[in-house]
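> Here is a sequence together with a model predicted from it:
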Amino acid sequence: MSPYAFLVFNTVLLVAAASDLRRYRIPNVLPALLAIASLLLAPPHGVDEALSRAGSVALVGGIAGALWLRGLIGGGDLKLMAACAAWMPLGGLPVFAVALGLASGLQGLATLAVALARAPPPSAARSRVARTRVAYAVSIAAGGLVWSLLRLNTA
């Protein structure tokens, strides 16, 4: 990944994370921009890589789509993860998935700690935790940053 592609990839992810933190919403233009930039700034090298990246989008989109259908993530999160996958051949997904999982766990623990700290009596704590929302684009951005740092100045 070239330094310019790295900058664009991570800037879009950080803007999405900031938007999600502020309003729990990721504007559609951001995943669209990320997907288009994958073709313009990091075009696949040959048919094999193009098919591999399409497979990544299908796999991530399928898994994230199932999570969305169950109400576990938002539609913006689904689109942002699929747009990230447009940059990654299948071989890059494990790094992204592990980094995303670790970031999600840390973000979940931090969110839970804040929710419990704000809840007055124990009976209200359960209700407050059940209503707590998570700006998941923060974890997606962290996973993307780790993946892109490993890809910087390669192919």
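Arrived safely. Computed from a prediction, not measured in an experiment: that's the story for all the values here.
> residue boundaries of the helices in the chain?
Listed in chain order, the helices of the chain (DSSP state H) span 3-23, 29-41, 47-69, 75-85, 93-118, 122-130, 137-151.
> can you put these in TSV and add mean pLDDT and mean neighbour count?
C-betas here are computed from N, CA, C, even on glycine. Converted to TSV, the helices of the chain look like this (pLDDT from 0 to 100; neighbours: other CB atoms under 10 Å):
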stretch	mean pLDDT	mean neighbour count
helix 3-23	96	17
helix 29-41	97	17
helix 47-69	97	16
helix 75-85	97	24
helix 93-118	91	15
helix 122-130	56	11
helix 137-151	96	22
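> separation between the residue nearest to Glu49 when sequence neighbours are not counted and Asp48?
Taking CB to CB, 6 or more residues apart in numbering, and ignoring the residues beside it in sequence, Glu49 has Pro89 as its nearest neighbour in space, at 5.6 Å. As defined by CB to CB, to the nearest Å, Pro89 lies at a distance of 9 Å from Asp48.
> One more: Leu149?
24 Å.
> Next: Asn28.
30 Å.
> again with Ala37
Ala37 is 21 Å from Asp48, where distance means CB to CB.
> which residue packs closest to the most centrally placed residue in the chain, ignoring adjacent ones?
Residue closest to the average C-alpha location in the chain (CA atoms, centre = their mean): Ile140, at 2.3 Å. In this structure, Ile140 finds its nearest non-sequential neighbour in Leu80, 5.3 Å apart by CB to CB, 6+ apart.
> contacting residues for the one you found?
Neighbour list for Leu80: Leu13, Ala16, Ile26, Leu30, Pro31, Leu34, Ala137, Ile140 [criterion: CB atoms under 8 Å, 6 or more residues apart in numbering].
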